Every structure is written in structure tokens, then in C-alpha cells.
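> 3D, please:
(one chain, ligands or ions: 1)
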Amino acid sequence: MNSTSSFASLGLADSLLQAIHAAGYDQPTPIQQQAIPQIIAGSDVLAAAQTGTGKTAGFTLPILHRLLAQPLAKRSPGRPRVVILAPTRELAAQVHESVLLYSQGTRLRSLVMYGGVNINPQIRALQQPVDILVATPGRLLDHCQQKTLHLDQVEILVLDEADRMLDMGFIHDIRRVLRLLPKQRQNLLFSATFSNEIRELAHQLLNQPVEISVAPRNTTADRIDQQVIHVDAHQKTALISHMIRESGWHQVLVFCRTKHGANRLAERLTKDGLQAAALHGNKSQSARTRALDGFKTGKVVVLVATDIAARGIDIDQLPYVINFELPQVAEDYVHRIGRTGRAGSEGLAISLVAPAEQRMLHSIEKLIKRTIDERALPDDFEPPARPVGAVDAPEREAPRKANTRRQHRPKGAPTGRRSGAGRGGNASSDRSNSSASTNERRTSTSDRSAPARRSRSRRSGSAARSTPDNVPYFD
Ligand code: AMP
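Numbers count the residues shown, from 1 in each chain. As a prediction, the model looks like this:
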């Protein structure tokens, strides 16, 4: 099969196949295989798919195909034929980048609009004919109120990351948008999770939808090496700084639960000589753009982000994700680690787990249906207090050989100590492996096979509580 034949078999137009080829995609991902023919056929679609599965191309390509099948004369200024709603400005911008990428060989015109920036350039842009509008709900409604935008010619509506939109309180805005749309239209709803609220929204919005579901990346993506480090909360900052500096890691995305926590950690890492930046909702748009651009280009080595701010960060081959704290919702763990190991590359996801976070760790492992391997604390760090009855076997095992896949210990198996080549001994191999690669940010398999690990010694405890960063920071 050549690089475009499998996409071609989905029935996409030639100009799109060329764009796909130029993007370097060999084969459609599972969500693309399922969604593209249905959307081309005009069906409403309810799709369960996370970021990282190729979902954006999964709806963008067939939408472009449908638009190309109709004369361009149908479009008019301020009256888009397709509206794609996204929860955050970062995601809107990324979706629009995909639209631009796949439509480059066509004469279709697209715009992106979100709040927090001057509305006047957007108004001017709407004075031209537009085919596809990608927008956050608040700014879209602003334009409708000002009558600079009219939704009466919308043929296709997409709700991307609908679960996030609901989590962030957009349901009323979504309903207001729906009232402005023509009754006759195609609706596509993409969501990482299918809560009752999503089902209810889907029921109101979709007309005999085709349901598509792809396995969450965590169950399919063996390429993400997941590890936990048990450590007391007060040692986490020093530990993360130590690990990143010792291992020479680059492009590390660190998740914190709170904006203040993210700020504090980024400041401390900066003091320790690492190029770190915080990404969260209290930052101005320009500060966020700067942080993201710096992270993409490698100037920023560590990006410390809250869940919402990190949502939709789309960087291919992001090699390292560290959970400074576990998320409050187990599913967010899947979203977080989905930042790494994307599009066929491999990644390492490390979670720092304090005794108070044990319960959340159990919930995550239940969700992902596996026990996450343990990585040993470096020598300079004190292990947290042992649980009553826990036994730590004294002997150590030889390090695992590079390029061998780890055998995950089944739940309930004995927990003897299983430690690697000496603490911190993996540091130089991390560096040498990554720099030897053609893409120096890529992580090689041996990189992740080296870290010292030990078996689990679980404590009981209640999940830590702190304020999540769930305040919308746009519109
Ligand atoms: P998404 O799930 O839409 O956020 O896409 C995740 C990443 O996968 C993006 O960087 C896309 O460029 C990439 N991608 C999408 N489709 C494919 C494909 N068929 N083959 C390889 N990479 C892809």
C-alpha cells in the first residue's frame, strides 16, 4: 500500500490526498478510517476520540471534501458554511492550523476567532467570503450579536472536545449557537468521554448519528512508558528539578493541579537553571503564545501547565510528560499522558505520587486496566513512610536490557524490590540516546528501558485536594 492509497480508498479528493501525502501520513488512523466515509456520506456523527488519535483530520478532511464538491460561489461574506466550535483558544488555533494544512491546495477560505484579542481584525476578515470558521463559543456569539457574523448558511457544525466545553460551562453558549443555525445541517460531535450530559447534548443535537469509538490511547498505546515515583509531597519540587537536570531531558511537559502551583514550580525550576515557563489561565494570551512557541522551538525546556491550559497542545513526538500531582479526575490522566507517544513515536510519562494520592492512583489504574510500574527514587531522596506490613526486599536486579519490553506485574503479584542499574545511572544513557537520534527530542526505547524501578508498596490514604484550574480563561 503506498502512502496515499488507503486514504484514497476512503474517497477523498485528490487535492486532499496531496496534502495528506505532504503531511507525511502513511495510513488513516482508526478514527479517520471510521469517520471519514460517514462524514463524506453526510451522516451525523457522535465520536469518542481523544486528542492524539488523529481526530482533527478525521473531521477536517471529509468536511473539506464535501465543500470541494460544491461550487465556491455558494459562499458569502460573514456567512460560513462550516462552524467548528472548540473549548479553548489554543485548541481553536490548532484546529485551524490543521484546516489550513489540509486545504492548502484548494481555494477554500477559513478563519479562526477567539476572545481575549482585538475583535476588529476579525470583523474585517468576516467581510470576505468564508467557508470554514473555527471559533470558541463566546467570541462567535459576540460576532453574531454585532451582526458581523451570520450562521444562517451553516451546513456543517462540529463540536470538538464537547466534554471539555460542558466541563467549562459552555452549555448555554452552545444552546444559543444552536438556535442561530439552520435546522437542516450535518452535526459532528467529538468528545473524549461520554458522560450522561454528553449523551443528552448528543440527543438534542444529532440526527440519527453514527456512533464511532476508538480505544483510548492508554489501552492501545504501549509506546507510552508509564511510571510512578512514590515520594513525599514536600520533596516533589526538588525531585523534578533533579530528574530533569540529571537526565538532560528536553521538552518536558509538567502537569500541576493549580495555577499557583504551576507558577511556583516554574519559578523554582528557573532558579535551578532550567528554562521553564508556566502555562495557565491567569497568563495573558501573549505570555501563553510565547511559552508555547518557546516550548515548540526548544527554548523552553520545561513547560509547567494546568490541565485546561495544556489541553490540545499539539506537538508531535513530545517525549516527556511528568505529573507533578495526579489529576483529580482519573480520565484526565489519560488526556495528560496522551500528550506524549503521539503519531507513532514513543514517550515517557512519569507520575510523582505522594501518600495522599494513593487512592487516585488506584482509580487511574482501574481506568487504564493496568498497574503502572514504579521507578526508584534517586539516592538523595528519602522514600516516603512505608505502609504497615510492607516489605522491601533488599536485593536488586540487574538492569533491564535495552529494547526489551517491560513485563507488567499483574495486580496482586508479589512486590519484591526490582531496581535498576543504580540510582541516577540512567541519566547519561538518556542523554546519549536522545542526542544520537535523528530527532534529538525523540526518545529512544532504551532511554525508557533503563530507569531503575522497584515494585509497588502501596499506602492507603485519601486523595489530595486542591483547587483545580477549571476557570475558563477566554471569551
Ligand atoms: P489530533 O488527534 O487531531 O490532535 O492529531 C494528533 C496528531 O496526529 C497531529 O499532530 C496530526 O498531525 C497527527 N496525525 C493525524 N493523522 C495522522 C495520520 N494518519 N498519520 C500520522 N499522523 C497523523
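> quick one: Gln104 from Glu97, how far?
In this view, Gln104 and Glu97 are 11 Å apart by CB to CB, to the nearest Å. Just so you know, the C-beta spots here come from the backbone N, C-alpha and C atoms, and that holds for glycine as well.
> what's the answer for Gly138, then?
Using CB to CB, Gly138 is found at 21 Å from Glu97.
> Also Gln146?
Distance check for Gln146 against Glu97: by CB to CB, it reads 26 Å.
> Looking at the two, which one has more neighbours?
Each of Gln146 and Glu97 has its neighbours counted (other CB atoms under 10 Å); Glu97 has more, 14 against 11.
> Now do the same for that one: helix, strand or coil?
For Glu97, the secondary structure call by DSSP: H, G, I helix; E, B strand; the rest coil comes out as helix.
> That one: what's it in contact with?
Under the criterion of CB atoms under 8 Å, 6 or more residues apart in numbering, Glu97 has no contact partners.
> Run through the protein and note the low-pLDDT ranges.
Applying pLDDT under 70 to the chain flags the ranges 1-5, 215-223, 311-317, 341-346, 386-475.
> Now do the same contact list for Gln104.
Gln104 makes contact with Ala19, Ala22, according to CB under 8 Å, 6+ apart.
> can you tell me which helix or strand it belongs to?
Gln104 is part of no helix or strand when elements are defined by DSSP states H and E.
> Give me the phi and psi for it.
Per-residue torsions, Gln104: phi -60, psi -30 (degrees, to the nearest 10).
> and if you look at Phe170?
Main-chain dihedrals, Phe170, degrees, to the nearest 10: phi -90, psi 0.
> same check, this time on Gln27
Residue torsions, per degrees, to the nearest 10, at Gln27 are phi -140, psi 150.
> how many neighbours does it have?
The local packing of Gln27 (other CB under 10 Å) involves 15 other residues.
> Next, work out how far apart it and the ligand are.
6 Å (CB to the nearest ligand atom, to the nearest Å).
> nearest spatial neighbour of that residue, skipping sequence neighbours?
Leaving out its chain neighbours, the residue that sits closest to Gln27 by CB to CB, 6 or more residues apart in numbering is Ser6, at 4.9 Å.
> hang on, that neighbour is in a helix, isn't it?
Yes. Counting by three-state DSSP, Ser6 is found in a helix.
> what's near enough to touch it?
Neighbour list for Ser6: Asp26, Gln27, Pro28 [criterion: CB under 8 Å, 6+ apart].
> Distance to Ile368 for the residues you listed - can I get that in TSV?
Listed next are these as TSV, based on distance: CB to CB, whole Å:
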residue	distance to Ile368
Asp26	27
Gln27	25
Pro28	25
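> Which single one of the residues you listed is nearest to Ile198?
Pro28 (24.7 Å; CB to CB).
> Assign a three-state SS to Ile36, would you?
Ile36 ends up helix, using three-state DSSP.
> Distance check, Met360 against Thr193.
Met360 sits 17 Å away from Thr193, going by CB to CB.
> Oops, could you answer that again for Gln32 instead?
In terms of CB to CB, Gln32 sits 20 Å off from Thr193.
> More neighbours: which of these two?
Counting neighbours by other CB under 10 Å for Gln32 and for Thr193 shows that Gln32 has the greater number, 27 against 19.
> Glu155 reaches Arg79, doesn't it?
No. Contact criterion CB atoms under 8 Å: Glu155 and Arg79 do not qualify, at 10.7 Å.
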